[in-house]
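Colleague: Dropping the sequence and predicted coords here.
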Amino acid sequence: MQKLRRRRCKICREWFHPKYSNIWWCCPEHGAELAIRRTNKEKEKVLAKRKKEQREKEIKAKDKLKVRKLAVKPLSYFTKQAQTAFNAFIRERDKDEPCISCGRFHEGQYHAGHYRTTGANPELRFDEDNVHKQCAPCNNHLSGNIENYTPRLIEKIGHERFDRLMGSHELPKWKREDYERIRDHYRKKLKELKDVH
């Protein structure tokens with residue numbers, strides 16, 4: 001039988017000549033230790049795999065629960081989400097401009113003020129020409145301060161766009177998917193605006 005080339009013991013790293021090609025230890029004690037190490041390593045692998053599978057199951061269960069919770073949410077929940085994203089975009093878009101109604105800059109709170117209200121004109125809820133940065137006093141206490149809003153709006157968007165805004169509009173039948181699409185669209189637009197500034 002041909003003598004096998006020497007190799008290092010996997011335990012003590014000493015050189016030795018193995019009797020068989022599948023021997024990786026220099027003495028029986030090191031053979032036993034190597035077997036224990038290999039068994040432990042396999043156990044750790046199995047345990048790690050189980051843990052990973054368990055984590056994946058938990059994530060899937062959470063995702064399913066999230067989907068189920070969203071499925072029972074009323075349409076108003078998604079409307080609010082879309083409106084919040086849209087309003088945040090409007091405030092960021094107009095952040096360097098004064099209040100559309102009173103023309104003032106101040107330290108108070110600013111809103112996204114609708115020229116034509118969402119109550120009377122829900123179809124214009126997400127129309128960018130219809131919504132502009134407005135201070136809280138004008139929006140809340142002066143009902144939008146429309147008499148001052150009008151000339152400044154015409155100056156800002158022009159007569160043609162103002163006339164379009166004042167014309168008749170079809171009332172869309174928005175569903176949950178539409179509100180989610182609008183929400184995601186304006187979140188993306190807001191991010192792009194912030195990245196530019």
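Modeller: Cool, got the structure. Since this is a predicted model, take the numbers as computed values, not measurements.
Colleague: which intervals of this structure have sub-threshold pLDDT?
Modeller: 1-2, 197 (pLDDT under 70).
Colleague: all strands of it, in order?
Modeller: Secondary structure of the chain, counting by DSSP state E: strands at 7-8, 15-16, 110-114, 131-135.
Colleague: would you turn those strands into CSV with distance to residue 56 and mean neighbour count?
Modeller: Glycine gets a C-beta too; all of them are placed from N, C-alpha and C. Shown next, in CSV, are those (distance: least, Cβ to Cβ, whole Å; neighbours: other Cβ atoms under 10 Å):
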stretch, distance to residue 56, mean neighbour count
strand 7-8, 39, 14
strand 15-16, 44, 13
strand 110-114, 41, 22
strand 131-135, 43, 24
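Colleague: Of all these, which one is nearest residue 43?
Modeller: Closest approach to residue 43 among the strands of the chain is made by strand 7-8 (25.2 Å; Cβ to Cβ).
Colleague: can you give me the helices in the chain?
Modeller: 28-71, 75-93, 136, 146-157, 159-166, 176-196 (DSSP state H).
Colleague: Quick check: buried residues in the second one?
Modeller: Residues of helix 75-93 classed as buried: 78-79, 81-83, 85-93 (neighbour count, 16 or more other Cβ atoms under 10 Å).
Colleague: do the same with the last one
Modeller: Using 16+ other Cβ under 10 Å as the burial criterion, the residues of helix 176-196 that qualify are 178-179, 182-183, 186-187, 189-190.
Colleague: Which residue comes closest to residue 103 once chain neighbours are left out?
Modeller: Leaving aside its sequence neighbours, residue 103 sits nearest to residue 152 (Cβ to Cβ, 6 or more residues apart in numbering; 6.8 Å).
Colleague: what about the one you found, how many residues close to it?
Modeller: 18 (other Cβ atoms under 10 Å).
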